[in-house]
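1. Have a look at this prediction, sequence included:
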Amino acid sequence: MNEWITLSFMPCHRMPERSLNVKGKQFPLCFRCMGILFGMILGVSFTLLFFQALTFVYLLMAVLFIIPLLVDGFTQKWGWRRSTNFLRLLTGLLCGMGLSLVIVILSKWGVSLIILVTS
């Protein structure tokens, strides 16, 4: 139960300068991981409501949502520039939404395939 409260199951570096601090208390995830988590929570709901079928356009959209996080993360890692916490949060949100889009649509497709094969 403590794992869920502290989010220790998530692989995150939890660097204080890259994490939200409120009244001296550090949030258990960095801004990027927090964005991914919130993006997935929002994205699952959004996807279930608005995306009913697996299409190439939706998968392409999901990839386009994930790319900014990769660009932000790798250009920072390679020392080409410094990222900001706001940018980490924004790219994390987009990535989380893209990941949830892929997961929900492929899950629906998988369930449909199983139903088709077993009936």
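-> Cool, got the structure.
2. for this protein, longest helix please?
-> Longest helix of the chain, by residue count under DSSP state H: helix 85-118.
3. just checking, Leu20 is part of a strand?
-> Yes - counting by DSSP: H, G, I helix; E, B strand; the rest coil, Leu20 falls inside a strand.
4. What does the pLDDT read for it?
-> At Leu20, the model reports a pLDDT of 77.
5. Give the burial count for it, as a bare number.
-> 14 (other Cβ atoms under 10 Å). From N, CA and C alone the C-beta is placed, and that goes for glycine too.
6. mind checking how far it is from Gln52?
-> 35 Å (Cβ to Cβ, to the nearest Å).
7. picking up where we left off before, show me which residues of the longest helix of the chain are buried.
-> By neighbour count with 16 or more other Cβ atoms under 10 Å, helix 85-118 contains the buried residues 85, 87-102, 104-105, 108.
8. helices and strands around the host helix or strand of Met34, which ones?
-> In the assignment (DSSP states H and E), Met34 maps to helix 31-50. Applying 3 or more Cβ pairs under 8 Å, 6 or more residues apart in numbering; DSSP states H and E, one finds that helix 31-50 contacts strand 19-22, helix 56-77, helix 85-118.
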